[in-house]
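**Student:** 3D model of this:
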Amino acid sequence: MADTITIRTDAETEHALDVLTRGGSSRSAVVRQAVLEAALRKERAAAMRRAVLRMPLGDPDGVDVGAELAHDREGER
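**Tutor:** Numbers count the residues shown, from 1 in each chain. All right, here's what the predicted structure looks like:
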């Protein structure tokens, strides 16, 4: 048996529910679908972040940016 939840809506949420139910879907069905889609987006975003973090950075180019900036700013002191 499925659990039942109650949400408190505001004008913006009511408008969104009106838009989503225009095709004849029930409020319950569109809320379930929205929750599932939001979870899927969050899981995909996390997977993309993990993939980016696993990407190789390549070989260093030998440029020490910190040293270059310090050298360029020596005259500012």
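**Student:** list the buried ones in the strand or helix carrying residue 47?
**Tutor:** Taking DSSP states H and E as the definition, one finds residue 47 inside helix 27-54. Of the residues in helix 27-54, those buried by neighbour count under the rule 16 or more other C-beta atoms under 10 Å are 30-31. Glycine gets a C-beta too; all of them are placed from N, C-alpha and C.
**Student:** who does that helix touch, helix- and strand-wise?
**Tutor:** Here helix 27-54 is seen to pack against helix 11-21 when contacts are counted using 3 or more C-beta pairs under 8 Å, 6 or more residues apart in numbering; DSSP states H and E.
**Student:** and the helix or strand of the chain with the lowest mean pLDDT, how far out from the chain's middle?
**Tutor:** Taking mean pLDDT, DSSP states H and E as the measure, helix 65-72 is the helix or strand of the chain with the lowest mean score, a mean of 85. Helix 65-72 has its C-alpha centroid displaced from the chain centroid by 35 Å (C-alpha atoms, centre = their mean, to the nearest Å).
**Student:** with stretch 15-24 instead?
**Tutor:** If you compare the mean C-alpha spot of stretch 15-24 with that of the full chain, they lie 24 Å apart, counting by C-alpha atoms, centre = their mean.
**Student:** could I get the average pLDDT for it?
**Tutor:** Stretch 15-24 shows a mean pLDDT of 97.
**Student:** which outside residues touch it?
**Tutor:** Stretch 15-24 is touched from outside by 9, 27, 30-31, 34, with contacts defined as C-beta atoms under 8 Å, 6 or more residues apart in numbering.
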